[in-house]
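A.B. asks: please find the sequence and the predicted model below.
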Amino acid sequence: MTVRVKICGITQYDDAKTAITMGADALGFIFYKKSPRNISPEAARSIICKLPPFITCVGVFVDATEEAIMTTAAASGINAVQLHGNESPELCSSIPLPTIKAFAVKPGFDIDELDCYPVNGYLLDTWSEAHAGGTGTTFDWTVAKNAALFHHNIILAGGLNTTNIEEALDMVRPYAVEFNSGVEIRPGKKNPVKMREAITLVKNWK
């Protein structure tokens with residue numbers, strides 16, 4: 001099965017259009033004011049309304065309430081949610097949209113924790129005390145490899161780029177991968193050359 005690709009941290013229509021043209025399956029819009037890639041619901045809608053059909057537009061939230069998530073979803077037009085904080089299983093199950101729960105992987109991480117969350121996908125990212133994702137660094141992929149043995153919907157993130165993506169795919173064999181800082185010129189501005197190469201490597205991987 002072809003590995004899906006999500007380009008996260010979209011803030012500009014040109015980057016969204018380029019990512020889709022190159023074969024991205026999903027785009028991530030970060031609704032977290034502390035992120036350098038933060039976007040307003042209104043700005044996200046101005047991008048999303050121009051996109052072709054069948055593209056998954058994922059809203060990324062960090063410790064937001066259900067009300068805030070759904071208000072932002074309605075205002076922006078996203079059709080999936082990614083929860084990147086310390087959200088409870090109860091909150092995850094209450095969201096009436098396809099939901100991805102992100103987990104920051106640090107030493108001692110227990111993959112059994114995933115079983116507590118009734119969600120559509122599990123995103124494994126690099127833990128950082130200072131940042132909720134977007135660190136630009138990788139973690140121990142053995143954790144993701146083990147998780148993928150028990151879950152068909154593992155999304156690998158954290159420092160992925162054109163130099164390490166094939167190794168990551170060979171080791172983990174995830175359902176999908178997420179690129180962010182690894183395909184950027186600067187936070188919030190993507191590099192079309194890096195996006196093309198990264199997406200091509202994933203789509204051609206076997």
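C.D. replies: Ah, there it is. Residues are numbered from 1 along each chain as shown.

A.B. asks: give me the low-pLDDT residue ranges for this structure?
C.D. replies: Within the chain, the stretches with pLDDT under 70 are 128-136.

A.B. asks: in space, what's closest to the residue nearest the centre of the chain - neighbours in sequence excluded?
C.D. replies: Nearest to the geometric centre of the chain sits residue 178, at 4.9 Å (Cα atoms, centre = their mean). Nearest non-adjacent residue to residue 178, counting by Cβ to Cβ, 6 or more residues apart in numbering: residue 157, 3.9 Å away. C-beta: built from backbone N, CA, C; applies to glycine.

A.B. asks: circling back: check contacts around the residue nearest to the centre of the chain.
C.D. replies: 5, 6, 7, 8, 28, 123, 125, 155, 156, 157, 160 (Cβ atoms under 8 Å, 6 or more residues apart in numbering).

A.B. asks: elements contacting the helix ranked longest in the chain?
C.D. replies: Using DSSP state H to define each element, the chain has its longest helix at helix 192-204. The contact analysis (3 or more Cβ pairs under 8 Å, 6 or more residues apart in numbering; DSSP states H and E) places helix 192-204 against strand 4-8, helix 13-21, helix 165-172, strand 176-179.

A.B. asks: could you list the paired strands of the last one along with their orientation?
C.D. replies: Using DSSP bridges, the strands paired with strand 176-179 in its sheet are strand 4-8 (parallel), strand 154-156 (parallel).

A.B. asks: okay, now residue 93: neighbour count?
C.D. replies: Residue 93 has 12 neighbouring residues, counting by other Cβ atoms under 10 Å.

A.B. asks: ugh, wrong one, residue 195
C.D. replies: Residues within reach of residue 195, counting by other Cβ under 10 Å, total 24.

A.B. asks: just confirm residue 10 contacts residue 29, I think it does.
C.D. replies: Yes - under the criterion of Cβ atoms under 8 Å, residue 10 makes contact with residue 29 at 5.7 Å.

A.B. asks: so how far is stretch 170-177 from its chain's centroid?
C.D. replies: 14 Å (Cα atoms, centre = their mean, to the nearest Å).
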